[in-house]
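**Student:** got a sequence here, can you build the structure:
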Amino acid sequence: MAIKNITQLRRVVFRKKATAAGPWSVFTLEADDLGQDTVMSVNIAPRTRSRASSLGTAETPIEGSFNALAGSITFLMDTWKILGEAIQKWTASTYASAGANDGQILLGDGNLCGDGQYFSVIAQGLCEDGSVADIELTRCFPSVDDDIEIGTGDTPTATLNLHPIVYNAGLHSADGYPAYTVRFGDQDITKKTRLNAATGEYDEVQG
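**Tutor:** Sure thing, here's the model as predicted:
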């Protein structure tokens, strides 16, 4: 089982493709958005198979299957804009003198089926200049469905649950997303790369 809490985040990048061959649509939570109290949690536990032997019962992981596959980001909420943009449900205000953070998130708008579109979510370590500390959950359905407390005297916290799904070659091989479920570390093991937060692509690091 791999349970990892990441507290030293440089940024979290949400990537989405409208079409498999098209460019990434990118939304990025930078260090200023995340703050020092942001925690990203990733929990990955494979399914196992029990086998009896003369030495006792042994547990063997079953490749590509999971008993637990979860991810979330918990951070202090100054405004709702960060969450709304992360789940692409932010509507900016249009009234006179509206500021950048004025607006709303509307959930349960009557669209019962939704657009069925997932995101790639990539967390980057604070000081790493390549991708060796990156964690990617390739297909997630982010949502705000955790307890939210306001008016308690403390700054409200909110949890963005990522709801990662398992890669299925029959369903996902042509969607333009990576052909795996989770990646820890380098995006390319033949050369040093760094995620370009503007394009959503990994570029080779020169020099």
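**Student:** so how far is stretch 172-182 off the chain centroid?
**Tutor:** Taking Cα atoms, centre = their mean, to the nearest Å, one finds stretch 172-182 lying 15 Å from the centre of the chain it belongs to.
**Student:** just checking, which helix or strand of this protein averages the lowest pLDDT?
**Tutor:** Across the helices and strands of the chain, mean pLDDT, DSSP states H and E gives its lowest value to strand 2-6, namely a mean of 49.
**Student:** using the centroid of this structure, identify the residue furthest from it.
**Tutor:** Ser54 (43.4 Å; Cα atoms, centre = their mean).
**Student:** in contact with that one, which residues?
**Tutor:** For Ser54, no residue meets the contact criterion (Cβ atoms under 8 Å, 6 or more residues apart in numbering). Where you see a C-beta, it was placed from the backbone N, CA and C, and this is true even at glycine.
**Student:** pLDDT score for it?
**Tutor:** With respect to pLDDT, Ser54 has a value of 76.
**Student:** separation between it and Pro61?
**Tutor:** Look at Ser54 and Pro61: by Cβ to Cβ, to the nearest Å, they are 21 Å apart.
**Student:** so which strand or helix has the most centrally placed residue in the chain?
**Tutor:** Ranked by distance to the mean C-alpha position of the chain (Cα atoms, centre = their mean), the top residue is Val121 at 3.0 Å. With the criterion set as DSSP states H and E, the secondary-structure element containing Val121 is strand 119-125.
**Student:** contacts for the very next helix or strand once past that strand?
**Tutor:** Next along the chain after strand 119-125, taking DSSP H and E as the criterion, comes strand 135-140. Strand 135-140 is contacted from outside by 4, 6, 40, 42, 71, 118-123, 162-165, 167, 172, 177-178, 180-184, 187, using Cβ under 8 Å, 6+ apart.
**Student:** buried among these? Need that as a selection in PyMOL.
**Tutor:** Applying 16 or more other Cβ atoms under 10 Å to those leaves a buried subset, and the PyMOL line that selects it is:
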select buried, resi 6+40+42+71+118+119+120+121+122+123+162+163+164+165+167+172+177+181+182+183+187
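**Student:** what about the helices in this protein?
**Tutor:** With helices called from DSSP state H, the chain shows them at 31-34, 81-86, 169-172.
**Student:** adding distance to Ile150, write those helices out as CSV.
**Tutor:** Output for those, formatted as CSV (distance: least, Cβ to Cβ, whole Å):
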stretch, distance to Ile150
helix 31-34, 19
helix 81-86, 13
helix 169-172, 38
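**Student:** weakest of those helices by average pLDDT?
**Tutor:** If the helices of the chain are sorted by mean pLDDT, helix 31-34 sits at the bottom with a mean of 76.
**Student:** list the buried ones in that one?
**Tutor:** For helix 31-34, the buried set under the neighbour-count rule, 16+ other Cβ under 10 Å, comprises 33-34.
**Student:** ok, Leu29 touching Ala86?
**Tutor:** Yes: the pair formed by Leu29 and Ala86 meets the contact definition of Cβ atoms under 8 Å, at 6.9 Å.
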